[in-house]
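S.K.: 3D model of this:
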Amino acid sequence: MRVVLVDYIAEAVAALQHTPVYVAPGTEGTDRDTTAKLQSRLTKDDNIVLVMLPASAEAELGTISTIVGRLSEALGDHRIIGLSVGKKVVGFAPSLPAGTASDLMRRAESVSNDPLTALGTFVQNVHLWQVEHPPPKPPVPFVPPKDTEIPWFPTVLTVPAIAGYGLYWIIKRRMENEEKKGKTRFNAPDKVGELLAQIARERWKLNDPELIQVTYQMCLDMEKYFSSFSKDKSRDARAFQDRLKEVSLVLEKYIEIQNNPRYYKEPGEELNRGKESITGFSEYLLDSIQSGRQADLIDYTVNTNILEAQKYRR
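M.R.: Prediction:
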């Protein structure tokens, strides 16, 4: 019996000319809905492609690292690739700083139970990275004023003018540094926007990079819910306000335990509980937005650990 080898690279590249997701027939753990599930995670301009191949592809093409390198080269080395081969996953993107895509996939894999979930979490991690590392804006060309106009800069600078000019650049630099950390203003009604801003600022006190990402993405998802899905913003704001207060309390206590672990009998376990509770709430929020189950979102009982925030107030 003759064995027919499948050219997975060629098939994937051909498919990716028309869609950002390719799931090879016969890939373990997939079904006819897998492609749609992955596509729902992507956005129009995120430059991400996702590919799932069966474990047998390694026997034909080499290691998963070899496969993703060949796939990237065939795509012109300008796409962000999330690849699974059997149960293995890898991230690859020559267009990002060295090691960035690989690190984002490792983080995704550490909180996932299967390749499909890992790829979805990888997309979430890349989106967060893109928000926090926007491409530089092109410089605005300087057009000198006409002779008839008032000079754009005084020929002789007075001391107050120099001081004012220096203060302007100090403030501008601080604003630019703040923007690099991500937005800290959110368009949400009532106290929800203030709580989201507070949580976004507090995340920089965390030592866990993954929890920093999860917390910030939760804020972005909450804002997206109010801007695109909420049908009764006042009612939803009242419901979410209490939940976000609990999240804020858990973060506050998490930071305290993180910075003073010797004063707690089991600091690692306490930190894991806090992280799991926030992550669980963030994941449910995203799933609810994607499914459009507004009623479920409002009636949702927050993760047990968050509701038991009294344990964190001791």
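S.K.: Lys191 reaches Phe240, doesn't it?
M.R.: No - the criterion here is CB atoms under 8 Å, and Lys191 misses it with Phe240 at 9.3 Å. Quick note: C-beta positions are derived from backbone N, CA and C, even for glycine.
S.K.: helices or strands up against the longest helix anywhere in the chain?
M.R.: Ranked by residue count, the top helix of the chain under DSSP state H comes out as helix 233-259. When contacts are defined as 3 or more CB pairs under 8 Å, 6 or more residues apart in numbering; DSSP states H and E, helix 233-259 sits against helix 192-202, helix 209-228, helix 267-291, helix 294-299, helix 304-307.
S.K.: and those helices: which comes nearest Glu73?
M.R.: Closest to Glu73 of the helices and strands packed on helix 233-259 is helix 209-228 (CB to CB; 29.1 Å).
S.K.: got a list of contacts for that closest one?
M.R.: Residues from elsewhere that reach helix 209-228 (CB atoms under 8 Å, 6 or more residues apart in numbering): 107, 110-111, 124-125, 127-128, 131-132, 182, 186-189, 192, 196, 199-200, 203-204, 206, 233, 236-237, 240, 244, 247, 251, 254, 275, 278-279, 281-282, 285-286, 289, 297.
S.K.: which stretches of this structure have low pLDDT?
M.R.: Applying pLDDT under 70 to the chain flags residues 1-6, 138-184, 291-314.
S.K.: how close does Val49 sit to Ala57?
M.R.: 16 Å (CB to CB, to the nearest Å).
S.K.: can you check Pro25 too?
M.R.: Distance, Pro25 to Ala57, using CB to CB: 12 Å.
S.K.: ok, back up a step: who has more neighbours, Lys191 and Phe240?
M.R.: Applying other CB atoms under 10 Å to Lys191 and Phe240 shows that Phe240 carries more neighbours, namely 25 against 16.
S.K.: isn't that one right up against Asp190?
M.R.: No - with contact defined as CB under 8 Å, Phe240 does not count as touching Asp190 (9.2 Å).
S.K.: strands of the stretch 1-150 of the chain, residue ranges please.
M.R.: For the stretch 1-150 of the chain, applying DSSP state E, counting those that start in this stretch gives strands covering 21-23, 48-53, 80-85, 88-92.
S.K.: if I look at Lys253, how far off is Arg243?
M.R.: Look at Lys253 and Arg243: by CB to CB, they are 16 Å apart.
S.K.: I misspoke; the intended subject was Tyr263.
M.R.: Distance, Tyr263 to Arg243, by CB to CB: 28 Å.
S.K.: which one of these two has more residues nearby?
M.R.: Each of Tyr263 and Arg243 has its neighbours counted (other CB under 10 Å); Arg243 has more, 20 against 9.
S.K.: give me the residue at the spatial middle of the chain.
M.R.: Leu128 (2.6 Å; CA atoms, centre = their mean).
S.K.: quick one: contacts for that residue?
M.R.: Going by CB under 8 Å, 6+ apart, Leu128 touches 213, 216-217, 220.
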